[in-house]
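I'll drop the sequence and a predicted model, then ask my questions.
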Amino acid sequence: MSTFLTKAVMDFFIAFGIVLGGAMVGGIGAVVSLQPPTQTMLDVADRIKIWALAAAVGGTIDPMRVIESNFFDGNLSPAIKQILYLLFAFMGAHMGSELVRWMCGGSRG
């Protein structure tokens, strides 16, 4: 598998796992603290999405610097790759939160 595709798949599953794992462990914490676990899991899944995205692509502002420096220098390929990595990580985080919503029987809104 190519390096690009490997990293994109890894970013997807890292973000997916962060959201899913964070919501599950948050649900356990809710049970321990006598709070409603399903609502807590839904809240955690929604709040942790942006952090899952950031962690999946490296945890720093470097991906944004890569996009900015390469785009303005006219090197579109590295900028497009970085944008696609962010897109894959976003899809993983969103799929994780949707899975939590589905498991908890929550609805949108």
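On my side now, so go ahead. Residues are numbered from 1 along each chain as shown.

contacts for the least confident helix or strand in the chain by mean pLDDT, please.
Least confident helix or strand, the chain: helix 62-72 with a mean of 71, by mean pLDDT, DSSP states H and E. Residues from elsewhere that reach helix 62-72, judged by CB atoms under 8 Å, 6 or more residues apart in numbering: 57, 76, 77, 78, 79, 82, 83, 85, 86. Yep, even glycine has a C-beta here, placed from its N, CA and C like the rest.

what do you get if the cut-off is 10 Å, keeping everything else the same?
53-54, 56-58, 61, 75-83, 85-86, 89 (CB atoms under 10 Å, 6 or more residues apart in numbering).

can you give me the helices for the protein?
Secondary structure of the chain (DSSP state H): helices located at 3-32, 37-56, 62-72, 76-104.

tell me the contacts of residue 24?
Applying CB under 10 Å, 6+ apart, the residues near residue 24 are 37, 41, 44, 45, 100, 103.

reformat those residues as a markdown table; add distance to residue 11 and pLDDT.
Shown next, in a markdown table, are those (distance: CB to CB, whole Å; pLDDT from 0 to 100):
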| residue | distance to residue 11 | pLDDT |
| --- | --- | --- |
| 37 | 29 | 92 |
| 41 | 23 | 93 |
| 44 | 21 | 93 |
| 45 | 18 | 93 |
| 100 | 19 | 93 |
| 103 | 23 | 90 |
